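Novice: Coordinates only, no sequence provided:
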């Protein structure tokens, strides 16, 4: 599934320095020299915020310096601000474990202080991290909590930011209409309050959405408007991201020279600021570009670079986690040594002063301390071993869970799989507006007798894999294959008002694919396709071996449409015809007697009358 990197616009406290403030950038050292210690903490926090996107490692150094000073002064407000800045910087470096740790700590402190605007800020950034981790339910939960606080406070900028990020969750979930609605609500507020950076972020994400639904001209216009704003503001991170998006758009529109220019500019900027996720994405788009140009060696090289960068992101997380545990252990161990040394010095002083009178007390005390140290040390070793075993067990559990989740999604639709994981069962559902596709291979019995079984299975797998890719492109759901028969639906388990258009577009592309492979093959593979629209019931069948199956007269009718079709033709029922007759050309057939149905009117799609623009569109 393609992932387009999206902007998450930062919620900033009033008074925090904006990235475009060049005067601030030129005078931080002077401000620090004449500042009091309390003012110094605030200025260092402002510096940490200033470098969040352009130099996240530098932002972390400033954030930790501010954190140290705030802890010494017991300034909880500035401590929370420092933790928040460190967390965002780690997020920009793709170190999500540390990002969550620092942001959650900041949230807890802000809850203690009762600062609702700051609480909303923390909820906002936690939602972004969970989005990067593909935990959309958790991300949406945090963004909706932030929105509620912003609406209660009447803080329009915060409301716009929450609309923007809730739109992103709907976007990534392919709920494009909902996403566009939230994007536009956020954009309207940002334009009204003259939030220039926010306007640019909204323009970019609307551009990404239009690219996803293949409206390339609208997408280009929005990208260029956003790029102009961010370029003027000197926002390198955002400029690199839009250059990547423009590169991807160039690939989609087959303007490969334009795509190359944008990707080269995006890579140069991303490498300058050390934005590992943008670099990984850029390499992935380079691979797509060279595949489109049929330069497969370069495509493979960039694919390897992308995979290597992804591994480096997670390796960096592991190393930082180990370093954190090691530092904590050494600090605790050093403190224990100091305490034992103090006790020994005290005992020695008493030994000199009182000699015989306190000798026995000294021996008892020393023995007690020694035993206590041994007990504590043994307890420490036990806890360390137990902690290590728990971590290994947790890691294995998470790896197995990820495997089982992937397997579950291979056999069940996403929504049904999620319901099964959350509730332990999935209730059957009835869907009124569904279009069903049914096809089989003409003369399959003869083909199976002529071909070696291994080659036959290999060819079927190749054909059905391409069918899967085509129907996924048109938001359809493969239900099952039975031998040479292929069954898919649109309009369930996710409702889709374009169910009939999507199925017919997929069917047209499948026919063209079959013609393409037949052009290069001595053995001819032909299919019959039948399509019918109506009410369908869907649900999970079985307990030990789950399968998502569909039932109802609509399925049987679609099968009849297929059996009464002809090789390399698309035969649709009367109900599907009435949905599509104003969009696609059909040829009415003579009424056909169908077993169990009587005389039925059927229609062949007239593929010869199709324009390229009328076929294969979403």
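Specialist: Arrived safely, thanks for sending. Keep in mind that what you see is a predicted model, and the values were worked out from it rather than measured.
Novice: Could you look up the SS state of the residue nearest in space to the middle of the chain?
Specialist: Centroid-nearest residue in the chain, with CA atoms, centre = their mean: residue 134, separated by 4.0 Å. Put simply, residue 134 is coil when judged by DSSP: H, G, I helix; E, B strand; the rest coil.
Novice: List the buried residues in the host helix or strand of residue 183.
Specialist: Assessed by DSSP states H and E, residue 183 sits inside helix 176-192. Buried positions in helix 176-192, judged by neighbour count with 16 or more other CB atoms under 10 Å: 176, 179, 180, 182, 183, 185, 186, 187, 189, 190. Just so you know, the C-beta spots here come from the backbone N, C-alpha and C atoms, and that holds for glycine as well.
Novice: and for stretch 551-565, what are the contacting residues?
Specialist: 434, 436-440, 487, 528-539, 571-573, 592, 594-597, 600, 602, 604 (CB atoms under 8 Å, 6 or more residues apart in numbering).
Novice: Report the buried members of those residues.
Specialist: For those, a burial check counting by 16+ other CB under 10 Å picks out 434, 436-440, 487, 528-534, 536-539, 571-573, 594, 600, 602, 604.
Novice: Mind checking which of those are in strands?
Specialist: 434, 436-440, 487, 528-534, 536-539, 571-573, 594, 600, 602, 604 (DSSP state E).
Novice: what distance separates whatever helix or strand residue 238 lives in from the middle of the whole chain?
Specialist: Assigning secondary structure by DSSP H and E places residue 238 in helix 236-252. Offset of helix 236-252 from its chain centre (CA atoms, centre = their mean, to the nearest Å): 18 Å.
Novice: Off-centre distance for stretch 193-212?
Specialist: How far stretch 193-212 lies from its chain's middle: 19 Å, per CA atoms, centre = their mean.
Novice: try stretch 600-608
Specialist: Offset of stretch 600-608 from its chain centre (CA atoms, centre = their mean): 41 Å.
Novice: go on, stretch 503-522?
Specialist: 32 Å.
Novice: Flag every buried residue along that stretch.
Specialist: Within stretch 503-522, the residues that count as buried by 16+ other CB under 10 Å are 503, 504, 505, 506, 507, 508, 509, 510, 511, 513, 514.
Novice: and if you look at stretch 71-83?
Specialist: Result for stretch 71-83 [16+ other CB under 10 Å]: buried residues 75, 77, 78, 79, 80, 81, 82, 83.
Novice: ok, the residue lying closest to the second one once chain neighbours are set aside - contacts?
Specialist: The shortest distance from residue 77 to any residue that is not its chain neighbour, by CB to CB, 6 or more residues apart in numbering, is 6.3 Å, and that residue is residue 113. Going by CB under 8 Å, 6+ apart, residue 113 touches 76, 77, 80.
Novice: Also residue 37?
Specialist: With the criterion set at CB under 8 Å, 6+ apart, residue 37 makes contact with 69, 73.
Novice: Read off the pLDDT value for it.
Specialist: The model reports residue 37 with a pLDDT of 70.
Novice: Okay, helices next: where are they in the stretch 151-300 of the chain?
Specialist: Using DSSP state H, counting those that start in this stretch, the helices of the stretch 151-300 of the chain run over 156-172, 176-192, 196-212, 216-233, 236-252, 256-273, 276-292, 296-354.
Novice: Ok, which of the ones you listed comes nearest residue 61?
Specialist: Closest to residue 61 of the helices of the stretch 151-300 of the chain, according to CB to CB: helix 296-354, at 14.5 Å.
Novice: Residue 197 and residue 235 touch, don't they?
Specialist: Yes: the pair residue 197 / residue 235 is scored as a contact, 7.2 Å apart, by CB atoms under 8 Å.
Novice: ok, back up a step: now for the helix holding residue 238, which elements pack on it?
Specialist: helix 196-212, helix 216-233, helix 256-273, helix 276-292 (3 or more CB pairs under 8 Å, 6 or more residues apart in numbering; DSSP states H and E).
Novice: Please repeat the previous calculation with a cut-off of 6 Å.
Specialist: Contact partners of helix 236-252 among helices and strands, from 3 or more CB pairs under 6 Å, 6 or more residues apart in numbering; DSSP states H and E: helix 216-233, helix 256-273, helix 276-292.
Novice: Name the residues that touch that helix?
Specialist: Helix 236-252 has contacts (CB atoms under 6 Å, 6 or more residues apart in numbering) with 5, 53-54, 204, 211, 219, 223, 226-227, 230-231, 258-259, 262-263, 265-266, 269-270, 273, 275, 278, 281-282, 285, 288-289, 292.
Novice: Ok, stretch 149-158 next?
Specialist: Under the contact criterion CB under 6 Å, 6+ apart, stretch 149-158 has outside partners 116, 120, 159, 162, 189, 193, 195.
Novice: related to what we said a few turns ago, just the angle between the helix holding residue 183 and helix 156-172, please?
Specialist: 160 degrees (axes from the mean of the first three to the mean of the last three CA atoms, to 10 degrees).
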